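S.K.: Dropping the sequence and predicted coords here.
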Amino acid sequence: MTQDKLIQLLAELSIDEKINQMIQIIGQIYEKGAMVTGPASQYGINEENIRLAGSVLGSLGAKKLIKIQDDYMEQHPHHIPMIFMADIINGYRTIFPIPLAQGCTFNPDLVKEGAAVAAKESAAAGLHVTFSPMVDLARDARWGRVMESNGEDTYLSSCLAKAMVEGYQGKSVKEKGKIAACVKHFAGYGAPTAGRDYNNVELSERTFKEDYLPAYKAAIDAGSELVMTSFNTINRIPSTGNKELMREILRQEMGFTGVLISDWGAVQELISHGIAEDNNEAARLSIEAGVDIDMMSMIYCNRLKRLLEEGIITEQMIDECVMRILQLKNKLGLFENPYKDADAEEEKRLILCEEHRSLSRKLAAETFVLLTNEDGILPLPSEGKKIAFIGPYIACKRIHGSWSLFANQEDSVSIKEAVEGSGYLNHCLYERGCDLLEPGIEIPEFGEVFAKSVLTEEERQELLYSAVAAAKESEAVVLAIGEHPSQSGEAASKADITVARHQIELLKEIWKVNHNIIIVLFNGRPLDIRELCQYSKAILVAWLPGTEGGNAIVDVLFGKVNPSGKLAMTFPYSVGQIPVFYNEFATGRSYEEGDRTRFHSRYLDIPNKPLFPFGYGLSYTEFEYSGVELDKNIMSDNQTINAVVEVKNVGRYRGKEVVQLYIQDVKGNVVRPVRELKSFQKISLQPGESKKIIFSMNRDMLKFYQQDMRYEVEAGLFRIYIGGDSTTKNVAEFHYR
Ligand code: GLC
């Protein structure tokens, strides 16, 4: 449809029709017929909303959505198609690893492939928009939603934000198998005070703009068609009613012209934030901030008309929002084809097809981070060993993240199934050893569902006893433990990030009879794993790997795949260090580990150093780095400097290495981080092979928000570090003049 036609259509709409284009309601209402007294009434959704709502969320399935669209358009006065949106953050039915795990691949191309498969499967199921990528910078492991992010680093998150938008949208969202991206949560949601979800966010303007905003910008520059508001405050103003954030920063400075949708109920939450007196003020603040769609709060549809009649808002303000919504429908091609790619046969053919499963398996294996590997206990031999596979995650098929809303765990491959299907000729024993959750713990899931352990004390003892017996007679133990999938994700903050006590007890009992323990950790966040390190020889962080997780883990355990993951988020020594991240600041009294004098920036009871730093991850092979060579030592204006290192594989296995480049601005007119990731290259080397890696550096990498908030370079001394993690001391210097 041409723009003129859209303008004409807008002019023909009644005010009720316009306002209902600006609301989004749950699709289940349409699935069960329009039961206003049923699920709708609890949300205050009325008949008119069901007849005229501009979009729905949370429903998927080609047949279902075609019917909903047909019924809806037939009765709509102007036959305007609705938009179907949902949370497809790590796959639709072929489930990929959680985004935090995908961050550990340092492989944007592979992450983009995964997003493209998620788009293909969900588009065939009738989806138009996914509420992804979530690019909130995450430096606090207490916050449950770190699992949805790509970690603590601005540059890495920006690279992956771009990759995911491109994977979802392709060159045009109208293309077959493509869906519109909705980058979220704008903005700064990843820094809630005390790591408690939905809590306020206190960031300096400089930190907000320099560290937190770039990843959203990267998604918007990649063409993300939507942005979602965040639940938190910025500068003590909730994002959803924050005019400066949305009109000045998002729209003017960042140039975003697409649809701004609120998060679930966030318009109404302006009242509980204490910034809106009532629903009228919540509606006013939100539309003044330029929020186009009110997700599930019903404030817009119940209040905007009255505000218009009272002259508090103008119809032009409503038209601006509705036009953006109609333009999105037009970009999706819905006026010509309201079903877009919905096709039940295609959906059936694509879902969990071999190609998608093998990509999920490949991507999962690249997310795993090998943290320890004493005595080279890994990889395990493919035959001739007696191995006890123990733990609640050995036979578990629920190995996907908590936002895998359409996953069917029966589709997943457990570790046990993978070992049995691998053809490896070892003598394997399998024991659960304990429940995932410790006794007495209840984890709220979606709706009225709670995850909890139902074992009796006697059953628990039996599990423990047979696990220890299996460990005792085996040469090695693979212990698969960790968090329940619902212990991370939304509303899943934790003050204690240690591994559950009953799992540590199992570990210690096994350690008494067998020290050859390899831990496979399932987690949605960095955890305090000091005791795991103490009572094991190897730790492989598997995160929540998705459908092919078991196969991917077995591929790595037995050496078919050499692990190459690098931490996208620091593993703290303990929760007391949080927030802890690699690009910290020197302070006026920096502390060298081991210094026993008092007056330094340090703790009396724990070290400053985290347990495992950002960018860290072992391989089954070793990589040697030459020193850093620069082709010049002075950079000025638009000159570039080439930094060169030679990396050699000096081990016995072919392996991938993420060569990381960090820059330190030694002195600035504001304090500068001790170092910042500015580039990386993932390479593959055969044993004995070496490769020259060249990084071209330019002045843009040196910019920062100066004292006067200009984003510019300042002359001075810079250091370049190039190595295999954020602690590398492999350094060279240059001046910017
Ligand atoms: C949730 C989340 C958001 C999600 C939305 C729709 O509250 O904050 O990430 O996309 O609701 O499910």
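M.R.: That came through fine.

S.K.: Can you list the low-confidence ranges for this protein?
M.R.: 32-39 (pLDDT under 70).

S.K.: 50 - rerun?
M.R.: Across the chain, nothing is flagged by pLDDT under 50.

S.K.: Show me which residues of it are close to the ligand?
M.R.: By Cβ under 6 Å from any ligand atom, the residues of the chain that approach the ligand are 57, 87, 131, 184, 263-264, 490. In this view, the C-beta of every residue, glycine as well, is placed from N, C-alpha and C.

S.K.: Put together JSON lines for those residues, with neighbour count and secondary structure on each row.
M.R.: Listed next are the residues of the chain next to the ligand as JSON lines, based on neighbours: other Cβ atoms under 10 Å; DSSP: H, G, I helix; E, B strand; the rest coil:
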{"residue": "57", "neighbour count": "21", "secondary structure": "strand"}
{"residue": "87", "neighbour count": "19", "secondary structure": "coil"}
{"residue": "131", "neighbour count": "24", "secondary structure": "coil"}
{"residue": "184", "neighbour count": "26", "secondary structure": "strand"}
{"residue": "263", "neighbour count": "23", "secondary structure": "coil"}
{"residue": "264", "neighbour count": "19", "secondary structure": "coil"}
{"residue": "490", "neighbour count": "18", "secondary structure": "coil"}
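
S.K.: which of those residues lies closest to residue 529?
M.R.: residue 490 (23.9 Å; Cβ to Cβ).

S.K.: which other helices and strands contact whichever strand or helix holds residue 388?
M.R.: Taking DSSP states H and E as the definition, residue 388 sits inside strand 383-390. Judged by 3 or more Cβ pairs under 8 Å, 6 or more residues apart in numbering; DSSP states H and E, strand 383-390 is in contact with helix 415-422, strand 425-431, helix 457-472, strand 476-482.

S.K.: and with 10 Å instead?
M.R.: Contact analysis of strand 383-390 by 3 or more Cβ pairs under 10 Å, 6 or more residues apart in numbering; DSSP states H and E lists helix 415-422, strand 425-431, helix 457-472, strand 476-482, helix 501-513, strand 517-522, helix 549-557 as its packing neighbours.

S.K.: Direction-wise, compare it with helix 549-557 and give the angle.
M.R.: Here strand 383-390 runs at an angle of 130 degrees relative to helix 549-557 (axes from the mean of the first three to the mean of the last three Cα atoms, to 10 degrees).

S.K.: quick one: strand 383-390 to chain centroid distance?
M.R.: Distance of strand 383-390 from its chain centroid, counting by Cα atoms, centre = their mean, to the nearest Å, is 34 Å.

S.K.: Pairing partners for that strand, with directions?
M.R.: strand 425-431 (parallel), strand 476-482 (parallel) (DSSP bridges).

S.K.: Just the buried residues of that strand, please?
M.R.: Buried residues in strand 383-390, counted by 16 or more other Cβ atoms under 10 Å: 385, 387-390.

S.K.: Just name the closest of those to residue 269, please.
M.R.: residue 390 (44.7 Å).

S.K.: distance of the closest residue to residue 247 other than its chain neighbours from the ligand?
M.R.: In space, and not counting its chain neighbours, residue 247 is closest to residue 290: 5.4 Å by Cβ to Cβ, 6 or more residues apart in numbering. Distance, residue 290 to the ligand, using Cβ to the nearest ligand atom, to the nearest Å: 19 Å.

S.K.: Am I right that residue 290 is in contact with residue 321?
M.R.: Yes. Here residue 290 reaches residue 321: they are 7.5 Å apart, a contact under Cβ atoms under 10 Å.

S.K.: overlap in contacts of those two?
M.R.: Counting by Cβ atoms under 10 Å, 6 or more residues apart in numbering, the contacts common to residue 290 and residue 321 are residue 260.

S.K.: From the structure, what's the count of residues near residue 169?
M.R.: When neighbours are defined as other Cβ atoms under 10 Å, residue 169 has 24 of them.

S.K.: Specify the stretch among the helices and strands packed on strand 383-390 that is closest to residue 708.
M.R.: So among these, strand 517-522 is nearest, using Cβ to Cβ, at 46.2 Å.

S.K.: Okay, now the sheet partners of the closest one, with direction.
M.R.: Strand 517-522 has these strand partners (DSSP bridges): strand 476-482 (parallel), strand 538-541 (parallel).

S.K.: Export those as a markdown table, with columns for mean neighbour count.
M.R.: Shown next, in a markdown table, are these (neighbours: other Cβ atoms under 10 Å):
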| stretch | mean neighbour count |
| --- | --- |
| strand 476-482 | 27 |
| strand 538-541 | 24 |
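
S.K.: and the ones you listed as TSV, adding distance to residue 315?
M.R.: As requested, these are exported to TSV (distance: least, Cβ to Cβ, whole Å):
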stretch	distance to residue 315
strand 476-482	54
strand 538-541	54
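
S.K.: What's the separation between the closest residue to residue 427 other than its chain neighbours and residue 514?
M.R.: Distances taken as Cβ to Cβ, 6+ apart put residue 386 closest to residue 427, at 4.5 Å, once the chain neighbours are dropped. The gap separating residue 386 from residue 514 is 11 Å, by Cβ to Cβ, to the nearest Å.
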